[in-house]
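**Q** Return a 3D structure for these sequence lines:
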Amino acid sequence: MHDPHRRRQRPWYESPWTWIIGCGGCSCLLLILSPFLLVGGVGVGALGSLRNLDVVKDAVQLAEADERVQAALGTPLERGWLPQGSINLTNGEGEADMSIPVEGPKGKGVVHFQAVQNGGDSWRFDILEVEIEATGEIIVLAGQTEPR
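**A** Okay, here's the model as predicted:
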């Protein structure tokens, strides 16, 4: 039989202590992880800015204009998100040694380049080549291919 004086037991989610402990735990976890989330966000932003540098855009445009690259990868070429290498810029002069993944309608590849900027906005490509992922073929657009 039902006792009318007996207290009803509340479900766990109605208890204020459940919410206090849960929210407190989540807050502590967020405080602990926040430096890692910030560094990760900055890292992704930095990679995004590298892929949008003029020298990277120029290299991909030159690769896209080549008939051999068009036959292997198709057009348009989309720049990937994980460029590798280095770039040094000082007072309008700079050097870049980078690789950036690209993808076209027919396949994937990597644009490798070494370029120099001697004042002004234009870059001179000492080495510019496209490595086709499916075949391993290297299409040399400028300079001589480097051993890999």
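**Q** downstream neighbour of the least confident helix or strand in the chain by mean pLDDT in the secondary structure list?
**A** Of all helical and strand segments in the chain, the minimum by mean pLDDT, DSSP states H and E falls on helix 16-51, at a mean of 57. Following helix 16-51 in sequence order, the next helix or strand is helix 54-65 (DSSP states H and E).
**Q** That next one packs against which elements?
**A** strand 78-79, strand 93-104, strand 107-118, strand 124-132, strand 138-142 (3 or more Cβ pairs under 8 Å, 6 or more residues apart in numbering; DSSP states H and E). Using the backbone N, CA and C atoms, a C-beta is placed for each residue, glycine as well.
**Q** run the last query once more with 10 Å
**A** Here helix 54-65 touches helix 16-51, helix 67-73, strand 78-79, strand 84-90, strand 93-104, strand 107-118, strand 124-132, strand 138-142, going by 3 or more Cβ pairs under 10 Å, 6 or more residues apart in numbering; DSSP states H and E.
**Q** Would you mind writing the CA trace of that helix as CSV?
**A** As requested, the backbone C-alpha atoms of helix 54-65 are provided in CSV (Å, rounded to 0.1, in the frame of the first residue of the first chain):
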residue,chain,number,x,y,z
ASP,A,54,51.2,34.7,-52.5
VAL,A,55,54.1,32.4,-53.2
VAL,A,56,51.9,29.4,-52.5
LYS,A,57,49.1,30.7,-54.7
ASP,A,58,51.6,31.5,-57.5
ALA,A,59,53.1,28.0,-57.3
VAL,A,60,49.8,26.3,-57.5
GLN,A,61,48.6,28.6,-60.4
LEU,A,62,51.8,27.7,-62.4
ALA,A,63,51.2,24.0,-61.7
GLU,A,64,47.6,24.3,-62.7
ALA,A,65,48.5,26.0,-66.0
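**Q** Glu95: neighbour count?
**A** A total of 16 residues lie near Glu95 under the criterion other Cβ atoms under 10 Å.
**Q** Show me what it is bridged to.
**A** Counting by DSSP bridges, Glu95 forms beta bridges with Asn88, Val116.
**Q** Surely it touches Ile127?
**A** No: judged on Cβ atoms under 10 Å, Glu95 makes no contact with Ile127 at a distance of 11.8 Å.
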